[in-house]
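Colleague: Fold the following for me, if possible:
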Amino acid sequence: MTKNLPLFVLALTGLTFEIPAGSAGHHPLEQLAWLVGGTWIAETTTPDGNTATVEATYRWADHRQAIQYTLLRRSAGKVQPALEGICGWHPVKKQLVLWEMDAKGSLTEGTVTVNEGGQHHEEVIYGADGSTLPVRAEITRDGDDSFLFRALVEKDGEWTEVFRSTYRRAAR
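Modeller: Okay, here's the model as predicted:
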């Protein structure tokens, strides 16, 4: 009888059930565990030419089945929430997936492929106005405490870099 109830209803009733694990060994999300802990900081330039600092934090969800993250932007003495996201394992797609909501109400959905040097993201940003924008993101890891982040959009049939910044972990 309970198997047809939506998951959020089951959660509200306190009922729990076990979902079989996908594969033996460690969880695929563990490949991103190096991001968890401390604050990652990058210096960027705003469209109006000012300097801004982006601060990213990554943390395990309480059940350790997702990594949650928050990005804040500091510029001209102001702190602005930029986005909040979550990354986890999609058991049917057999892929790491992410969802992000930004401060303007846009939603980003994507997949994450971990490679030897970092990560590759295929994403779609769904704007609050109903627009869509396919984006690719590349993270190139430089040790445990630094990574290069690049965002690319398609222009004239080619993927063109529109953003680049190096993040360094400040403290754990």
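Colleague: Who does the closest residue to His90 other than its chain neighbours form a beta bridge with?
Modeller: Leaving aside its chain neighbours, His90 sits nearest to Val97 (4.5 Å; criterion: CB to CB, 6 or more residues apart in numbering). From N, CA and C alone the C-beta is placed, and that goes for glycine too. For Val97, the residues forming beta bridges with it (DSSP bridges) are Gly88, Thr111.
Colleague: I figured Val97 hits His121, correct?
Modeller: No. With contact defined as CB atoms under 8 Å, Val97 does not reach His121; the gap is 10.1 Å.
Colleague: Find the residues that touch each one of the two.
Modeller: 110-112 (CB atoms under 8 Å, 6 or more residues apart in numbering).
Colleague: Would you mind giving those as CSV with neighbour count added?
Modeller: CSV is the format used below for these (neighbours: other CB atoms under 10 Å):
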residue, neighbour count
Gly110, 21
Thr111, 14
Val112, 22
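Colleague: Could you pull up the residues touching the closest residue to Val135 other than its chain neighbours?
Modeller: Distances taken as CB to CB, 6+ apart place Glu123 nearest to Val135, at 4.6 Å, with adjacent residues excluded. For Glu123, the contact set (CB under 8 Å, 6+ apart) comprises 98, 108-111, 134-137.
Colleague: Thank you kindly, that will do.
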